[in-house]
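Q: Mind looking at a prediction? Sequence and model below.
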Amino acid sequence: SVLERQLREAILADDLRPHFQPLVELAGRRLVGFELLARWPRRDGLNIGPDQFIPIAEESGLINELMLQLLERGCREALGWDARLSIAINISPVQLKDPWLAQKILATLTRLAFPPQRLEIEVTENALIVDADNARRTIESLKNQGIKVALDDFGTGYSSMHHLRMLAFDKIKIDRSFIQALDTDPDARKIVRAIVGLASSFDLPVVAEGIETEAAAQTLAALGCSYGQGYLFGAALSAEQLWREWLVPV
Ligand code: G
Ligand code: G
Ligand code: G
Ligand code: MN
Ligand code: NA
């Protein structure tokens, strides 16, 4: 398709840009890191979001190259921040099938001298069922290198309990659909309470995604959720905007 050809050209030209969404500790509203989200600034001004181009990248096999470019750009930025700030990057389900994924990520980190402990990989539950054996091997090699692995969009996929038992995740991210319902739907609160309880029995920190209201942030803190992300704190910003909004020169 036309979009696929344009995306391939954009990747070759290194045109894709990471944006950075803040992750905060709910108790003190302290900044602890950023999630990298891909953006495609096009010369023709058309706005094509990741909801459109990520599936194209996945189907065409461009996703690995896209992710590695984003990782490299994101890490280069992060090397200029306070070293306590982490970065997180999303990995598509198909990427976990690649037996070389962990090596490719590590090669990028090594080349940049970026500490693997500052990087977090976000995988969804559905990524784990595409090819369970390879997914498990990839996650284990990432973890052996000191990279952290978070279970993303938790609560929306298949057989969550099974995956918690089989794989040593470092963090759980509760899907934003539950968070957005917190203010209006008492059942959402029960679900969030259950997820936080489950995570705490595995000693896993929990991140709530998609926090848009102060009320939701207060509820989540009261339920024992440690970290949050969402428009209440900030949307994803370009590297330049970050320095104006979030970072102080060190
Ligand atoms: O950034 P935005 O909120 O529009 O993202 C839309 C969707 O695209 C989200 O599900 C997000 O996780 C996904 N996405 C954004 N950037 C990347 C990326 O670099 N890799 C993958 N696999 N997904 C991404
Ligand atoms: O799937 P993933 O969790 O990686 O998705 C990140 C997506 O969620 C991005 O598209 C980002 O722009 C979006 N997002 C982040 N915070 C909020 C929020 O508070 N509300 C809504 N509606 N979307 C959000
Ligand atoms: O530094 P101050 O106490 O004003 O920060 C309030 C909260 O806002 C912090 O606890 C943190 O969660 C978040 N934050 C930290 N640094 C910045 C920043 O530079 N800009 C913005 N807008 N929020 C920040
Ligand atoms: Mn994510
Ligand atoms: Na998510």
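A: Thanks, I have the structure now. Numbering: from 1, shown residues only. Ligands and ions are numbered 1, 2, ... in the order given.

Q: for this structure, what helix or strand is lowest in average pLDDT?
A: Sorting the helices and strands of the chain by mean pLDDT, DSSP states H and E puts helix 160-166 at the bottom, at a mean of 79.

Q: and T213, how far is that from ligand 4?
A: Counting by Cβ to the ion, to the nearest Å, the separation of T213 from ligand 4 is 20 Å. Quick note: C-beta positions are derived from backbone N, CA and C, even for glycine.

Q: if we can go back for a sec, only alpha carbons, please: show the least confident helix or strand of the chain as PDB.
A: Coordinates of the C-alpha atoms in helix 160-166 are reproduced here as PDB (Å, rounded to 0.1, in the frame of the first residue of the first chain):
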ATOM      1  CA  SER A 160      -3.500 -13.000  33.100                       C
ATOM      2  CA  MET A 161      -3.000 -15.200  36.200                       C
ATOM      3  CA  HIS A 162      -1.200 -17.800  34.100                       C
ATOM      4  CA  HIS A 163       1.300 -15.300  32.800                       C
ATOM      5  CA  LEU A 164       2.000 -13.800  36.200                       C
ATOM      6  CA  ARG A 165       2.900 -17.300  37.400                       C
ATOM      7  CA  MET A 166       5.000 -18.300  34.400                       C
END
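
Q: check which helix or strand covers D203.
A: Here D203 sits in a region with no helix or strand, counting by DSSP states H and E.

Q: List phi and psi for it.
A: phi 60, psi 40 (degrees, to the nearest 10).

Q: and the gap between it and ligand 2?
A: Counting by Cβ to the nearest ligand atom, to the nearest Å, the gap from D203 to ligand 2 is 23 Å.

Q: Name the residues of the host helix or strand of D133 that come out as buried.
A: Using DSSP H and E, D133 sits in helix 132-144. Neighbour-count burial for helix 132-144 flags A135, T138, I139, S141, L142, K143 (criterion: 16 or more other Cβ atoms under 10 Å).

Q: And the average pLDDT for the helix or strand that it is followed by is what?
A: Next along the chain after helix 132-144, taking DSSP H and E as the criterion, comes strand 148-154. Mean pLDDT, strand 148-154: 95.

Q: so where do the strands sit in this structure?
A: 17-25, 30-39, 86-90, 119-124, 148-154, 171-174, 206-208, 227-228 (DSSP state E).

Q: residues in contact with the first one?
A: With contact meaning Cβ atoms under 8 Å, 6 or more residues apart in numbering, strand 17-25 is reached by 30-41, 70, 73-74, 77, 86-88, 207, 226-229, 233-239, 242, 246.

Q: What is the burial count for the residue in the chain that ligand 2 sits nearest to?
A: In the chain, no residue comes nearer to ligand 2 than G230, which is 3.2 Å away by Cβ to the nearest ligand atom. Using other Cβ atoms under 10 Å, the number of residues around G230 comes to 23.

Q: And the one 4 residues further on, by the same measure?
A: A count of nearby residues for G234, using other Cβ under 10 Å, gives 19.

Q: quick one: contacts for it?
A: Q21, P22, E245, W246.

Q: Just the buried residues of those.
A: Judged by 16+ other Cβ under 10 Å, buried ones among these: Q21, P22, W246.

Q: What's opposite the first one in the beta bridge?
A: Going back to what we said before, that points to Q21. E35 (DSSP bridges).

Q: Check it and give its pLDDT.
A: 98.

Q: Kindly report the same for the last one.
A: On pLDDT, W246 comes in at 95.

Q: is ligand 5 contacted by stretch 153-171?
A: Yes: on the criterion Cβ under 5 Å from the ion, stretch 153-171 is in touch with ligand 5 at D153.
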